[in-house]
Each structure stands twice: as C-alpha cells, then as structure tokens.
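Colleague: kindly generate the corresponding structure for this input.
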Amino acid sequence: MNLTTEQLNKHLDTGSLSAVYIISGDEPLLIQESSVAIRKQAKLNGYDERKVFHVDGKFDWETILLETDNISLFSKKKFVEIRLISGKPGEKGSRVIQEYLSKTSKETITLFIAPKLERSATKSKWFTSICNAGKCIKIWPIQSSQFPQWMSSKLNRFNIKVSNEALEILVHKVEGNLLAATQEIEKLKLLAPKAEISGEVMSSLVTDNAKFNVFILLDNIMEGNPKKACRILQRLKDEGIDVTIILWAIIRDLRVLIKATEATIKKESVDSYLQRVGVWDKRKPLFKKTMNRVSIGQLGQMLRLAGAIDQSIKGLRKGSPWNDLTTLVLTFCGVRPLSSKSFKLFLQNA
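Modeller: Numbering: from 1, shown residues only. Model (predicted):
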C-alpha cells in the first residue's frame, strides 16, 4: 500500500503498525523524519530490540535470514532496519528479501530504507513483495507550490499557531531549504509565544535561509509564476551559479516541450514521449500545463532567444546574458510575450 508522508503520520497516530515499511526517495531530511516517526511508534508499542543492517556491495545477505531464526532472550518484539545503500539488492538480495518476508515473525517490524529507486526497481519482485506485505512511502522533493501547505502541516503538528501573514513570511525566508525550515520550527517551539504568531513577530524570529536550485526555478517557470521565478533567478545569480547552467536547463525543457507538442499534433502519446526522454513523473503535469498555455510557435521563438543569449555568453553578440535571461524567463512565464518587432530587435546582433 502506498502512503504519502502525511498519510504515514496519520497512520502512525492511530497507534497501529504494519509489519513492513519501505521508505525511498532523494530527500534525506524527509526520509529521516519518516524513519524516526516509525521507530518512535514501534518503541511505544514495545518493540525495544533494534537491529540495523547496512547493505553495501560486500554485504552477506545470509545474515538477514539468520535474524529470522534468532530469538532474543530479553525481547520477543524486534525492530529490524535494512538500509539499502544503492537501492539495488541484486539477484541474491532480491531472493533473500522475498524469503525473509515469508519467514518473518509476527513479532517483528521491518523497515527498509532506500534512495530514490529507478522505475525498473519499483516493478521488481523484491520491491512489490515489500509493498504487498506492508506500507510503501515514496519521498518526493517538495514542489514550490506545495511548500506553504507542508509548512502549515508541520506547524500544526507541533501546535504552533501562525497568522496567514506570518506563514507567508516564514515560507519566504526558508523556502527550498528543508533543513533551515525544520530548524526554524524548532526555534519557534522554544521562542514563540503561545498565542497566534503575527507577521511582525515572525519577522523578528526567523532569518532568511531560502535556498534555491535550477530545478525549483524551472518548476516556477512552468507554473507561470513570474515573481517567484525572478526572485529565484536573482538568488542563483547572487550565489554565483553559472548562467550557462541555467540557460542549458531552460533550453533542455524548451526542446522537450517542442517535441512533446509535435507528438500531440501527430496524435501520439505525450506521456509515452515524456517517459522516453526521462521526464520525472512529478514533472509531467507541469509540462502538460505549459503545453496548454504556450503555443509551439512561442516555444520556438523562446528557443531562438535562448540561442541569442548563448551567443552573448560566448562574446559573439552584444548584450547582458543575465538581463536577457530575465527577459526569457518572463516570456516563458507568459508575462512579457515579445512582439515580432521586439523579437527582431532582440536578435539583430545575434
């Protein structure tokens, strides 16, 4: 059974536990939080004995099978944690996991922890066996549009009351930096008044820890969020991120959008194309949304703008790459679509 992190928390709040869990993803902090929550509830339910296996390339899988036969003299209830370092147990590991699950005592809870798994791994026998036996929690990076709700839920979980203005200030200060967000909430637990926190109080309590990356920029461009996209672009510039890296990422998405739109025109499956070129499942809705609001002609125009910026970076065209990149971002967001005359002026030195 698949669960989101929010659903996992609700499941654990009932006090009941599944025999098996697997947590996978590429957000270490969220993986850690979910793991701690499961361990904590298991301990409350009397699973005091904990055994941890770190599975690397030299790991002896037979030691896990021995664990099923090893009954402690001090505790019948056991919590077994199996950390799959690479997320690829191999043929022997797959066999052992399936055998282990078939032999595991009802007095044992097993937690598997893995990095983000490839699609082939999620369809493997070992993974499906785990999911069929218990709960599967896939940890996805928190999208910009989801961050306010994530923060609100986390604050509610600790009974910290904030006004809408205070929440907006907190999100603005820490967005994109989960560790900083968690640290600020810990600070609020200690320093914040018991009454609802106002915007003014929040401003005095938190610091600006927002940390962005190119992927967050791309998602906001796809969402058509110009104010946020420009703020992220400025932050990336201030942090010394190479303009070429940002431009390359935008060009890549533009080319995928053009090809996906062409596939639609040909009555081909957009999902199949996006899957074929490696677009993550979480980003597919963003691509489809952008395809609905931007024509293939506009996409082609923006690709030419990107080419002109590339020439500026290489010194083959006059212009400011960062200023021109801002123009491209705004155009991509739909705020400043260039007229034919403006487009020609932009490219005249290309």
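Colleague: Thr104: how many residues sit nearby?
Modeller: 18 (other C-beta atoms under 10 Å). Using the backbone N, CA and C atoms, a C-beta is placed for each residue, glycine as well.
Colleague: do the same with Ile232
Modeller: Ile232 has 26 neighbours, counted by other C-beta under 10 Å.
Colleague: quick one: the helices in the stretch 201-350 of the chain?
Modeller: 214-223, 226-238, 243-265, 270-276, 284-293, 296-313, 321-333, 340-347 (DSSP state H, counting those that start in this stretch).
Colleague: mean pLDDT and distance to Ile160 added to these, as CSV?
Modeller: Listed next are the helices of the stretch 201-350 of the chain as CSV, based on pLDDT from 0 to 100; distance: least, C-beta to C-beta, whole Å:
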stretch, mean pLDDT, distance to Ile160
helix 214-223, 88, 25
helix 226-238, 88, 25
helix 243-265, 90, 36
helix 270-276, 86, 39
helix 284-293, 91, 31
helix 296-313, 90, 43
helix 321-333, 91, 33
helix 340-347, 52, 49
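Colleague: out of those, which is closest to Leu3?
Modeller: Nearest to Leu3 among the helices of the stretch 201-350 of the chain is helix 284-293 (20.5 Å), distances taken as C-beta to C-beta.
Colleague: ok, and for the closest one, which residues are buried?
Modeller: 286-288, 290-291 (16 or more other C-beta atoms under 10 Å).
Colleague: okay, the angle between that helix and helix 214-223?
Modeller: 40 degrees (axes from the mean of the first three to the mean of the last three C-alpha atoms, to 10 degrees).
Colleague: show me this protein divided up by domain.
Modeller: Per the record, the chain has its domains at 2-139, 144-205, 214-347, by automatic domain parsing.
Colleague: that older thread, ok, the buried residues of helix 284-293 vs Ala306, which is closest?
Modeller: Of those, the one sitting nearest to Ala306 (C-beta to C-beta) turns out to be Thr290, at 15.2 Å.
Colleague: list the contacts of that closest one.
Modeller: Counting by C-beta atoms under 8 Å, 6 or more residues apart in numbering, Thr290 touches 222, 224, 257.
Colleague: cool, and Thr5?
Modeller: 30, 33-34, 137, 139 are the contacts of Thr5 under C-beta under 8 Å, 6+ apart.
Colleague: do that again at 7 Å, thanks
Modeller: Contacts of Thr5 were listed using C-beta atoms under 7 Å, 6 or more residues apart in numbering, and they are 30, 34, 137, 139.
Colleague: just the residues you listed: which are in helices?
Modeller: Secondary structure assignment by DSSP state H places 30, 34 of the contacts of Thr5 in helices.
Colleague: top of the contacts of Thr5 by neighbour count?
Modeller: The most crowded member of the contacts of Thr5, judged by other C-beta under 10 Å, is Ile137 (25 neighbours).
Colleague: tell me how far the residue lying closest to it once chain neighbours are set aside lies from Lys284.
Modeller: The shortest distance from Ile137 to any non-neighbouring residue, by C-beta to C-beta, 6 or more residues apart in numbering, is to Ile23 (4.7 Å). Separation of Ile23 from Lys284 (C-beta to C-beta, to the nearest Å) stands at 23 Å.
Colleague: could you do Ala308 as well?
Modeller: 29 Å.
Colleague: ditto for Leu299
Modeller: As judged by C-beta to C-beta, Leu299 and Lys284 stand 17 Å apart.
Colleague: all strands of the stretch 101-250 of the chain, in order?
Modeller: 108-115, 135-139 (DSSP state E, counting those that start in this stretch).
Colleague: can you give me the mean pLDDT across the shortest one?
Modeller: The average of the pLDDT scores along strand 135-139 is 92.
Colleague: which strands or helices does it pack on?
Modeller: Applying 3 or more C-beta pairs under 7 Å, 6 or more residues apart in numbering; DSSP states H and E, one finds that strand 135-139 contacts strand 2-3, helix 5-13, strand 20-25, helix 28-44.
Colleague: so which of the ones you listed comes closest to Leu205?
Modeller: Of all these, helix 28-44 comes closest under C-beta to C-beta, at 20.9 Å.
Colleague: after that closest one, next one along is what?
Modeller: strand 49-55 (DSSP states H and E).
Colleague: mind listing what's buried in that next one?
Modeller: Those would be 51, 53, 55, for strand 49-55 by 16+ other C-beta under 10 Å.
Colleague: and if you look at stretch 292-299?
Modeller: In stretch 292-299, counting by 16+ other C-beta under 10 Å, buried: 294, 296, 298-299.
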